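Student: Sequence plus the predicted model coming up.
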Amino acid sequence: MKKYLFILLVSVQGILLAQETPQHLIDHFFTTYPDNQGKAVVDLYKTNVWTKNAQKEIDNVVNTINSLTRDFVGEYYGKELISTITLTDSYKIYTYLVKYDRQPIRFTFNFYKADQKWVLYSFNLSDDLSDLIALAK
């Protein structure tokens with residue numbers, strides 16, 4: 001009986017993980033982010049097996065995000081969704097304003113679903129918000 005229950009639990013867990021949406025992946029990212037920015041980025045990239053080919057670039061992103069220390073940008077106060085763009089049923093872009101004492105930082109998450117599973121396609125951050133400001137005018 002225990003054997004069957006274990007198999008059922010593992011099967012259900014696999015189904016639930018396969019149904020993760022980009023928003024679930026972002027929520028996990030921002031749950032981890034306040035305590036460990038680098039881990040949040042690494043976990044996000046782990047959703048895509050192809051990123052192992054870009055380890056140097058991922059390390060650069062981790063180093064950049066780890067440089068957002070309290071001494072450099074001040075206290076972290078959370079995030080606000082700027083926009084969600086659905087290009088197709090298989091490609092979505094989420095842009096967030098990440099709030100720090102000194103300045104806001106823009107995080108852009110691009111997700112792709114070739115078949116059944118959403119994966120991170122790309123992630124970038126920028127302190128240049130001029131294009132967003134121009135759009136708001």
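Tutor: Received it, and whenever you're ready, just let me know what you need.

Student: Which parts of this structure are helices?
Tutor: Ranges of helices in the chain, per DSSP state H, are 2-18, 22-32, 37-45, 55-66, 70-73, 130-136.

Student: relative orientation of the second one and helix 37-45 in degrees?
Tutor: With axes from the mean of the first three to the mean of the last three CA atoms, to 10 degrees as the criterion, the two stretches helix 22-32 and helix 37-45 enclose an angle of 160 degrees.

Student: Can you give the contact residues for helix 22-32?
Tutor: For helix 22-32, contacts defined as CB atoms under 8 Å, 6 or more residues apart in numbering pick out 39-41, 43-44, 47, 79, 92, 94, 96, 109, 111, 118, 120. Every C-beta, even on glycine, is put in place using the N, C-alpha and C of the backbone.

Student: If you average the pLDDT over it, what comes out?
Tutor: Helix 22-32 shows a mean pLDDT of 97.

Student: same check, this time on the fifth one
Tutor: For helix 70-73, mean pLDDT is 91.

Student: just checking, what packs against that helix?
Tutor: Using 3 or more CB pairs under 8 Å, 6 or more residues apart in numbering; DSSP states H and E, no helix or strand is in contact with helix 70-73.

Student: List the buried residues of it.
Tutor: Of all the residues in helix 70-73, those buried under the rule 16 or more other CB atoms under 10 Å are residue 73.

Student: For that helix, what is the distance to the chain centroid?
Tutor: 22 Å (CA atoms, centre = their mean, to the nearest Å).

Student: Show me the residue at the heart of this protein, geometrically.
Tutor: Residue closest to the average C-alpha location in the chain (CA atoms, centre = their mean): residue 26, at 4.5 Å.

Student: right, and the pair among the contacts of helix 22-32 with maximum separation?
Tutor: Pairwise distances across the contacts of helix 22-32 (CB to CB) peak at 23.3 Å, for the pair 39 and 92.

Student: Between the two, which has more neighbouring residues?
Tutor: Using other CB atoms under 10 Å as the criterion, residue 39 and residue 92 rank with residue 92 on top: 20 against 14.

Student: Does the more buried one touch residue 119 like I think?
Tutor: No: with contact defined as CB atoms under 8 Å, residue 92 does not count as touching residue 119 (11.4 Å).
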